[in-house]
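Asks: Curious how this folds, go ahead:
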Amino acid sequence: MFIPKRIQRQSGRYSRVDDIPYALPVNSQGSPALMAAFTVDARRAAALLPGNELHPLRVSRDKGVLLISVIDYKTTDIGAYIEFSIALACTHGRRPAPPLLPLLFPKRYGVGQYVVDLPVNTEVSVKGGKGIWGMPKHLARLDFKIENGSVSSSYSEGGQQAVRVRIERPGRAWLPLRAAAVNYCAFRGMLMKSFIYFRGRFGFRFGRRAWASLELGDHPRVQALRELSISPRAFLTGFFPSSSGVLDDHFEAWFLTQPTLPTSTYPEGLESVVDLGQDQTPMPPPDGAGALPQGPSRPVSLQELRS
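Replies: Presented below is the predicted three-dimensional model:
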């Protein structure tokens with residue numbers, strides 16, 4: 001796996017940050033993961049990006065990208081947990097970038113993903129991920145299922161369904177992939193940029209061969225996604241039967257700015273993490289994960305292809 005030499009030199013050393021013990025590097029092993037990508041309305045996606053320096057990464061004049069990825073972490077410094085990421089592909093800079101060009105020059109355009117929501121199912125993951133790296137983590141009920149021909153995950157909180165994603169499992173994870181990715185997150189009134197390096201054998205489907213279903217529930221956390229005009233079809237799905245990753249202990253941050261003085265800290269401040277403990281016990285999976293609520297509150301199915 002390609003990781004900076006600085007991180008390699010830290011191997012075998014230890015840290016304690018916010019009282020959480022880490023054996024460096026901060027890594028994970030043996031983690032299955034799914035992902036699905038959908039096009040969205042780029043103008044509406046821009047409305048979800050904080051500050052004035054993040055812009056939707058556009059794949060056409062009007063289309064941005066919504067990325068759903070779920071990782072079932074089996075072995076990490078802070079125990080096993082599931083992480084359900086809802087993010088928008090983005091660039092970072094003074095102006096919006098031309099469509100597609102940032103994919104050729106990712107560093108120049110600051111390509112990454114802005115993490116809109118990031119539920120996890122253990123307390124210590126919230127404490128570390130949000131308190132140190134500024135990720136929008138919060139406790140929720142999650143599951144991760146590998147079944148006959150499909151991989152799925154459900155996310156609920158406080159008795160309300162939030163999101164369920166399911167992809168058709170690619171026939172074979174044949175592509176040896178090693179890559180680096182950038183996460184942008186908002187916390188404490190700042191935009192925070194973190195880096196992750198991962199590898200694994202990747203199975204994927206692209207274009208019309210990609211199949212996924214994405215359902216949004218009634219939970220207030222995900223209502224903004226309804227305004228994105230999410231495409232009824234995924235254009236990319238993928239699955240890692242097992243992946244390894246390293247989360248860089250180096251990160252960057254900028255003040256989030258706006259034309260007038262903010263009345264509060266966006267989106268929340270340190271008070272949201274200071275009293276958290278380090279419990280590694282996973283929350284129970286969603287109740288009736290296979291059955292979504294019925295009646296007027298039934299979540300809206302955005303994709304049910306090949307059904």
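
Asks: Tally up the residues packed near residue 60, please.
Replies: 10 (other Cβ atoms under 10 Å). (Glycine included, C-beta is placed from N, CA and C.)

Asks: quick one: it and residue 99 touch, right?
Replies: Yes. Taking Cβ atoms under 8 Å as the definition, residue 60 is a contact partner of residue 99 at 5.6 Å.

Asks: Which parts of the stretch 1-150 of the chain are strands?
Replies: 14-17, 20-23, 26-41, 54-56, 63-73, 75-76, 81-92, 112-120, 137-139, 141-142, 145-147, 150-157 (DSSP state E, counting those that start in this stretch).

Asks: Remind me what the last one packs against, helices and strands.
Replies: Using 3 or more Cβ pairs under 8 Å, 6 or more residues apart in numbering; DSSP states H and E as the contact criterion, the elements in contact with strand 150-157 are strand 26-41, strand 81-92, strand 141-142, strand 145-147, strand 160-168.

Asks: Nearest to residue 262, out of the ones you listed?
Replies: strand 81-92 (20.2 Å; Cβ to Cβ).

Asks: State the mean pLDDT of that closest one.
Replies: Strand 81-92 shows a mean pLDDT of 98.

Asks: Check stretch 278-294 too.
Replies: pLDDT averaged over stretch 278-294 gives 75.

Asks: likewise stretch 186-195?
Replies: Per-residue scores along stretch 186-195 average to 98.

Asks: Residues touching that stretch, excluding its own?
Replies: Outside stretch 186-195, the residues that touch it by Cβ atoms under 8 Å, 6 or more residues apart in numbering are 50-51, 53-54, 92, 112, 130, 133-136, 180-185, 247-248, 250-256, 262, 265-270.

Asks: rerun at 7 Å
Replies: With contact meaning Cβ atoms under 7 Å, 6 or more residues apart in numbering, stretch 186-195 is reached by 50-51, 130, 133-134, 136, 180, 182-185, 247-248, 251-256, 262, 265-267, 269-270.

Asks: among the residues you listed, which ones are buried?
Replies: Buried members of the contacts of stretch 186-195, scored by 16 or more other Cβ atoms under 10 Å, are 50-51, 130, 133-134, 136, 182-185, 247-248, 253, 256, 266.

Asks: Tabulate the helices and strands packed on strand 150-157 in JSON lines, adding columns for distance to residue 175 and mean neighbour count.
Replies: Formatted as JSON lines, these follow (distance: least, Cβ to Cβ, whole Å; neighbours: other Cβ atoms under 10 Å):
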{"stretch": "strand 26-41", "distance to residue 175": "13", "mean neighbour count": "21"}
{"stretch": "strand 81-92", "distance to residue 175": "20", "mean neighbour count": "24"}
{"stretch": "strand 141-142", "distance to residue 175": "27", "mean neighbour count": "25"}
{"stretch": "strand 145-147", "distance to residue 175": "19", "mean neighbour count": "13"}
{"stretch": "strand 160-168", "distance to residue 175": "16", "mean neighbour count": "23"}
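
Asks: per-residue pLDDT, residue 113?
Replies: pLDDT, residue 113: 98.

Asks: quick one on the thing from earlier: need the helices and strands packed on strand 150-157 in CSV (columns: distance to residue 233).
Replies: Output for the helices and strands packed on strand 150-157, formatted as CSV (distance: least, Cβ to Cβ, whole Å):
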stretch, distance to residue 233
strand 26-41, 7
strand 81-92, 17
strand 141-142, 25
strand 145-147, 22
strand 160-168, 12
